[in-house]
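[1] based on what follows, work out the 3D shape:
(one chain, ligands or ions: 1)
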Amino acid sequence: MRRKNDSMPHKIRTKNVVLYCIVVTILFAVALYSARMSMQQKNSSIALPDAEFQVHVLDVGQGDSILVIADGQTMLVDTAESDQADTIISYLKEHGITELDYLVSTHFHADHIGGFAQVLEAIPTKVIIDSECPDSLLPTTKTFERYLDAIEQSGAEYRTMQAKENFALGGAQVNVLAPDHNDDVKISNINNTSLVLDIRYGDAQVMLMGDAEEEEERQLLADSENHEVDFLKVGHHGSDSSSSEMFLQWAQPKAAAISCGVNNSYGHPAQVTLDKLANYTDDVYITAQDGDIVFLYDADTGTKQIITGSTAQGDTQ
Ligand SMILES: [Zn+2]
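    This next block holds a predicted model:
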């Protein structure tokens, strides 16, 4: 009897020791993982190398905001949703930008003009540019009202643009490729009023598509010049209504950036778009995964590179 009684507690003791070891191992693993994660977060700030021409696709959730710098001149294209305004303003300030030469709105949806009023109030701006938009497509939203009020109060120079116009940003030339408002072109959707910007600096070519869909992409094909876009800001957050095969064949992108939010309700980017882009390049970046995406062109050496991560916290320039 006694021997039997003795052996039971021993078994239980062994069981407890094994359980204890498992728990300790799990706790140790969790602690190690957390330590690594926090180290990664601390190390995620990136100091950007000097480059005359820079295009920053900011990580602003489901929306667009893109900073272009050429020889120290600055242009911000879109201002995302209003809750991203502080992110954009901090990003600009942390990169030493206290004034904008150009503030551009590609089109009048809230995920592109939401932060406009706050950014304009915080960062003095010389010239505001937006897209020629047919009256029938002008939004009646509060966001758009606030947008128009902000322009009026700012005292900045204000221009609307369309295809075939261009302007200089430092040594870069900014060509507006679309929208085209000639009599033959009918625009059915405000996304297709997006200013499509083709930016050239030296032998670098960058294209910013706004939310242009296939309908607007067709307008570009009339330009039969051979393109080799070094860095394409993909249209409409990687939606399947944009990046048609004919457009990609025309643009021949060498690298692409998609701006969208983590687990966004639209399912952006569409798998079909990612598959199509993969036929042209392995360098496809997504803000939801990669954070800020920065294209850099060093004019002296002709070096082109792309850096991703949390550049907003880095000291740069
Ligand atoms: Zn959008």
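[2] state the number of residues packed around the residue nearest to A255 when sequence neighbours are not counted.
    Nearest non-adjacent residue to A255, counting by Cβ to Cβ, 6 or more residues apart in numbering: D283, 3.9 Å away. C-betas here are computed from N, CA, C, even on glycine. Using other Cβ atoms under 10 Å, D283 is surrounded by 14 other residues.
[3] OK, contacts around D283?
    K254, A255, A256, I306 (Cβ atoms under 8 Å, 6 or more residues apart in numbering).
[4] for these, which one is nearest the ion?
    Comparing the contacts of D283 against the ion with Cβ to the ion places A256 closest, at 16.1 Å.
[5] wait, the closest one sits on V284?
    Yes - between A256 and V284 there is a contact at 4.8 Å, judged by Cβ atoms under 8 Å.
[6] who touches both of these two?
    Counting by Cβ under 8 Å, 6+ apart, the common neighbours of A256 and V284 are L277.
[7] of the two, which one has the most company?
    A256 (29 against 20).
[8] can you pull the phi/psi pair for that one?
    When read as degrees, to the nearest 10, the backbone of A256 gives phi -140, psi 150.
[9] flag every residue of the stretch 1-150 of the chain that's near the ion.
    Within the stretch 1-150 of the chain, the residues that sit near the ion (Cβ under 5 Å from the ion) are D111.
[10] where does the stretch 1-150 of the chain dip in pLDDT?
    1-15, 17-48 (pLDDT under 70).
[11] what's the helix or strand containing K93 packed up against?
    In this structure, K93 sits in helix 85-94 according to DSSP states H and E. If you count contacts as 3 or more Cβ pairs under 8 Å, 6 or more residues apart in numbering; DSSP states H and E, helix 85-94 packs onto helix 116-122.
[12] show me the helices in the stretch 101-250 of the chain, by range?
    Secondary structure of the stretch 101-250 of the chain by DSSP state H, counting those that start in this stretch: the helices cover 110-113, 116-122, 142-154, 214-220, 245-251.
[13] please identify the deepest-packed of the ones you listed.
    Ranked by mean neighbour count under mean count of other Cβ atoms under 10 Å, those are led by helix 110-113, which reaches a mean of 25.
[14] what packs against that one?
    Partner elements for helix 110-113 (3+ Cβ pairs under 8 Å, 6+ apart): helix 142-154.
[15] one step back: top of the contacts of D283 by number of neighbours, please.
    Neighbour-wise, those (other Cβ under 10 Å) top out at A256, 29 neighbours.
[16] where does the stretch 201-317 of the chain get nearest to the ion, residue-wise?
    For the stretch 201-317 of the chain, Cβ to the ion, closest residue to the ion: D211, 4.3 Å.
[17] what about the closest residue to D130 other than its chain neighbours, how many residues nearby?
    Among residues not flanking D130 along the chain, S105 sits closest, at 4.2 Å (Cβ to Cβ, 6+ apart). Other residues lying near S105 total 24 when counted by other Cβ under 10 Å.
[18] pretty sure L195 contacts G210?
    Yes - using Cβ under 8 Å, L195 is in contact with G210, at 5.9 Å.
[19] need the overlap of contacts for these two.
    Taking Cβ under 8 Å, 6+ apart as the contact rule, L195 and G210 both touch T106, H107.
[20] quick one on the thing from earlier: tabulate the helices of the stretch 101-250 of the chain (a markdown table), appending distance to H56.
    Output for the helices of the stretch 101-250 of the chain, formatted as a markdown table (distance: least, Cβ to Cβ, whole Å):
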| stretch | distance to H56 |
| --- | --- |
| helix 110-113 | 16 |
| helix 116-122 | 14 |
| helix 142-154 | 22 |
| helix 214-220 | 24 |
| helix 245-251 | 20 |
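[21] just tell me which of those ends up closest to D50.
    helix 116-122 (25.3 Å; Cβ to Cβ).
[22] give me the domain ranges for the chain.
    Domains of the chain are assigned by automatic domain parsing as 1-43, 47-313.
[23] what's the most buried one of the ones you listed?
    domain 47-313 (a mean of 19).
[24] now the residue of the stretch 51-200 of the chain found nearest the ion: closest residue in space that isn't a chain neighbour?
    Ranked by Cβ to the ion, the top residue of the stretch 51-200 of the chain for proximity to the ion is D111, at 4.3 Å. Leaving aside its chain neighbours, D111 sits nearest to G63 (3.6 Å; criterion: Cβ to Cβ, 6+ apart).
[25] name the helix or strand for L274, please.
    Assigned by DSSP H and E, L274 falls in helix 271-278.
[26] tell me the helix or strand right after that helix.
    According to DSSP H and E, the helix or strand after helix 271-278 is strand 284-286.
[27] parallel or antiparallel, list what pairs with that next one.
    Strand pairing for strand 284-286, using DSSP bridges, gives strand 256-258 (parallel).
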